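In: Predicted structure and sequence below. I'll ask about it afterward.
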Amino acid sequence: MERVPAIKVLLLPKDTNAYGTIFGGVILSHIDLASAVEARKVGRHRFVTKAMREVEFHEPVFLGDIVNFFTETVRVGHTSITVRVSVEAERWGGGSGEKVKVTEAEVVLVAVDESGRPTAIRP
């Protein structure tokens with residue numbers, strides 16, 4: 001069964017550091033976005049990020065890589081949801097399309113109401 005990413009991105013020169021690889025912060029931003037996409041499957045609330053647990057980079061992301069962000073709901077609490085995001089790069093710079101694991105993270109998001117207060121995910 002083929003996995004479908006929550007988001008898929010082609011990163012651009014503006015996303016690179018002085019070494020020509022993609023900034024870690026750019027990847028973190030996309031992890032946050034992917035976790036929000038997954039959270040919306042559970043409830044149509046406004047979600048805010050509370051925590052991102054231990055992100056360790058295993059491989060760099062290069063200009064021209066296509067980066068896939070796969071998500072999985074780990075836990076749904078009363079007002080929070082924990083989402084695991086796995087990041088994989090497809091190496092197209094050399095033409096091979098090799099897939100490498102870049103990193104993964106667990107993101108905790110909290111459902112909030114119009115005034116920004118935590119609210120129940122399910123009635």
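Out: Here it is on my side, so go on.

In: helix, strand or coil for the residue most central in space within the chain?
Out: Nearest to the geometric centre of the chain sits Ile31, at 2.0 Å (C-alpha atoms, centre = their mean). Here Ile31 is helix, with the state taken from DSSP: H, G, I helix; E, B strand; the rest coil.

In: Chain neighbours aside, what residue packs nearest to it?
Out: Counting by C-beta to C-beta, 6 or more residues apart in numbering, Val85 is the residue found nearest to Ile31 once chain neighbours are left out, at 4.8 Å. Using the backbone N, CA and C atoms, a C-beta is placed for each residue, glycine as well.

In: Quick check, pLDDT for that neighbour.
Out: pLDDT, Val85: 98.

In: Contacts only, for it.
Out: When contacts are counted by C-beta atoms under 8 Å, 6 or more residues apart in numbering, Val85 touches Ala6, Ile31, Ala34, Ser35, Glu38, Phe69, Phe70, Thr71, Glu104, Ala105, Glu106, Val107.

In: Please apply the same query to Ile66.
Out: Ile66 touches Lys8, Val9, Leu10, Ala89, Glu90, Trp92, counting by C-beta under 8 Å, 6+ apart.

In: Lowest pLDDT pick from those residues?
Out: Trp92 (77).

In: follow-up on the earlier one: which of the contacts of Ile66 lies closest to Pro118?
Out: Using C-beta to C-beta, Val9 comes nearest to Pro118 of these, at 30.3 Å.

In: Assign that closest one to helix, strand or coil.
Out: Going by three-state DSSP: Val9 is strand.
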